[in-house]
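[1] for reference, the sequence and a predicted model appear below.
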Amino acid sequence: MNGWLVRHVDLADLQRIAEALHATLPEHAVIGLRGSLGAGKTRFAQCFAVAIGIDATDVTSPTFGIVHHHHGARRLHHIDAYRLADEDEFIELGGEELLEEESAVVLIEWPERIVGCLPPGCWMIDLEIESSGEASGQARMSVAADPAEGDFGGLELGSMPSGGTRQVRFSVPDAAMSQALRESVARLLGRSPENDRDGAVAERADGDLTGVERADGDGVVREENG
C-alpha cells in the first residue's frame with residue numbers, strides 16, 4: 001500500500017486536494033467518505049463537485065434521497081448509505097450498477113454500511129478531529145484502498161467545525177497513481193512530500209474499520225508504505 005500524509009489542511013486546501021484528486025483519478029472511481037455526523041463528508045463532496053464543474057450549492061446531503069446524480073466534467077453519483085437497512089437494500093436500489101458505471105465517480109457517505117458491496121480498490125477518505133496534541137479544531141482526513149481486505153486506514157471520527165484545519169492521509173493501491181497524486185497535491189499546496197517510514201495503519205481481518213496511525217507535527221506531506 002502506498003500512502004502519505006498532509007496536515008493542517010484548511011478549507012481552501014481541501015478544495016485544492018479535491019482538484020488534485022479529480023486530476024489524478026482514473027475515468028471510473030469509487031470513493032468512500034467516512035466521518036461522524038458533521039465531520040465534513042458533504043463538504044468534501046462539494047469541493048470535489050466544484051473541481052469537476054458542478055455548483056457546490058447543488059450538492060447537499062443525500063440522506064433522504066439516498067442517491068443524487070450530477071453532471072460536470074465527470075458524471076458524479078453522491079450516495080448516503082446512513083439510512084440503508086443493509087447491503088441488500090442497497091443492491092435493490094440499483095447500487096451495484098452505480099458502482100460499476102463507466103466514466104463516473106461515486107462518492108459514498110457512510111460506506112461502512114455497505115462495505116460488502118464496495119469494489120476492490122475503492123478509496124476511503126476519513127476526516128477526524130484531533131482532540132489532543134494538536135491545535136484546537138484540527139481534523140484528520142485519510143484515504144485508503146481495498147476495503148475487501150479490511151484496509152480502511154482511518155480512526156473513528158469526531159465532529160468537524162467549518163473552520164479549523166484537517167490532517168489528510170492518502171493510501172492508494174497503485175504506486176504510479178500515488179506518486180502522481182502526491183506530486184499534484186504538493187504542487188497545489190506548496191508543500192514538499194516526505195516519506196513517513198514510522199507511520200502505521202492497522203488492517204483488521206474482522207472488518208473493524210478502525211485504524212491506528214502515527215505522524216509528526218511539522219505540517220509536511222508524509223508517505224506511508226504498509
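    Structure received. Fair warning: this is a prediction, and the values are worked out from it, not measured in the lab.
[2] for Ala176, give its distance to Glu183.
    According to Cβ to Cβ, to the nearest Å, Ala176 and Glu183 sit 11 Å apart. Backbone N, C-alpha and C define where each C-beta goes, glycine included.
[3] same question, Ser61
    For Ser61 relative to Glu183 (Cβ to Cβ), the value is 32 Å.
[4] before we move on, what about Val105?
    Distance of Val105 to Glu183, given as Cβ to Cβ: 21 Å.
[5] same check on His68?
    Look at His68 and Glu183: by Cβ to Cβ, they are 32 Å apart.
[6] looking at these two, which is more packed in?
    Using other Cβ atoms under 10 Å as the criterion, His68 and Glu183 rank with His68 on top: 17 against 13.
[7] can you confirm that one is in a strand?
    Yes. Remark: His68 belongs to a strand, assigned using DSSP: H, G, I helix; E, B strand; the rest coil.
[8] ok, it touching Val59?
    Yes. If you go by Cβ atoms under 8 Å, His68 and Val59 touch, sitting 7.3 Å apart.
[9] common neighbours of these two, please.
    Jointly contacting His68 and Val59 under the rule Cβ atoms under 8 Å, 6 or more residues apart in numbering are His78.
[10] average pLDDT across stretch 184-199?
    For stretch 184-199, mean pLDDT rounds to 70.
[11] typo on my end, stretch 42-59
    What stretch 42-59 shows for mean pLDDT is 93.
[12] start and end of that stretch, how far apart?
    Terminal residues of stretch 42-59 lie 8 Å apart, using Cα to Cα, to the nearest Å.
[13] any low-confidence regions in the chain?
    Residues of the chain meeting the criterion pLDDT under 70: 1-3, 62-63, 128-169, 171, 192-226.
[14] what do you get if the cut-off is 80, keeping everything else the same?
    Scanning the chain for pLDDT under 80 picks out 1-9, 35-40, 62-64, 125-174, 178, 191-226.
[15] got the residue ranges for the strands in it?
    Secondary structure of the chain (DSSP state E): strands at 2-9, 29-34, 67-71, 75-80, 104-109, 123-129, 139-144, 166-172, 193-195, 221-225.
[16] next, the buried residues of stretch 45-64.
    Across stretch 45-64, burial judged by 16 or more other Cβ atoms under 10 Å covers Ala45, Gln46, Cys47, Phe48, Ala49, Val50, Ala51, Ile52, Ile54, Val59, Pro62.
[17] mind listing residues that contact that stretch?
    Residues from elsewhere that reach stretch 45-64, judged by Cβ under 8 Å, 6+ apart: 14-15, 17-19, 21-22, 33, 42, 68, 70-74, 76, 78-80, 82-83, 105, 107, 109.
[18] for it, measure first residue to last.
    16 Å.
[19] again with stretch 110-121
    Start-to-end, stretch 110-121 (Cα to Cα) is 17 Å.
[20] ditto for stretch 36-47
    Using Cα to Cα, the end-to-end distance of stretch 36-47 comes out at 18 Å.
[21] one more: stretch 43-57?
    First residue to last in stretch 43-57 (Cα to Cα) measures 11 Å.
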